[in-house]
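Visitor: Okay, structure incoming, though there's no sequence with it:
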């Protein structure tokens with residue numbers, strides 16, 4: 001994740017972009033770190049996907 005690019009996109013300071021810790025990820029998504037899909041979360045979350053991913057003929061999520 002490019003934190004500067006993400007901060008710029010969101011219109012916030014780079015210092016405000018932080019990775020969530022493992023307990024927070026589990027609580028909000030229902031999935032453990034390393035196995036979080038981009039959808040189907042326990043709570044409704046905004047999902048941002050790198051444009052490069054959308055240019056691929058197929059994308060698989062495990």
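Guide: Received, thanks. All figures in this text were calculated on a predicted structure; none of them were measured in a lab. Numbering: from 1, shown residues only.
Visitor: pLDDT at residue 37, what is it?
Guide: You'll see residue 37 listed with a pLDDT of 89.
Visitor: how many neighbours does the nearest residue to residue 41 once chain neighbours are set aside have?
Guide: Nearest non-adjacent residue to residue 41, counting by Cβ to Cβ, 6 or more residues apart in numbering: residue 29, 4.3 Å away. For the C-beta atoms, the positions are set from N, CA and C on the backbone; glycine is no exception. By other Cβ atoms under 10 Å, 18 other residues sit near residue 29.
Visitor: Test my guess that residue 29 contacts residue 45.
Guide: Yes. Using Cβ atoms under 8 Å, residue 29 is in contact with residue 45, at 7.1 Å.
Visitor: Overlap of the contact sets of those two?
Guide: By Cβ atoms under 8 Å, 6 or more residues apart in numbering, residue 29 and residue 45 have no common neighbours.
Visitor: now the helices for this structure?
Guide: Ranges of helices within the chain are 3-10, 22-29, 51-54, based on DSSP state H.
Visitor: Give the buried residues for the first one.
Guide: Using 16 or more other Cβ atoms under 10 Å as the test for burial, helix 3-10 gives no buried residues.
Visitor: for it, the distance to its chain's centre please.
Guide: 13 Å (Cα atoms, centre = their mean, to the nearest Å).
Visitor: and what of the last one?
Guide: Offset of helix 51-54 from its chain centre (Cα atoms, centre = their mean): 14 Å.
Visitor: picking that back up, reformat the helices of the chain as a markdown table; add distance to residue 40 and mean pLDDT.
Guide: Shown next, in a markdown table, are the helices of the chain (distance: least, Cβ to Cβ, whole Å; pLDDT from 0 to 100):
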| stretch | distance to residue 40 | mean pLDDT |
| --- | --- | --- |
| helix 3-10 | 22 | 94 |
| helix 22-29 | 8 | 97 |
| helix 51-54 | 17 | 87 |
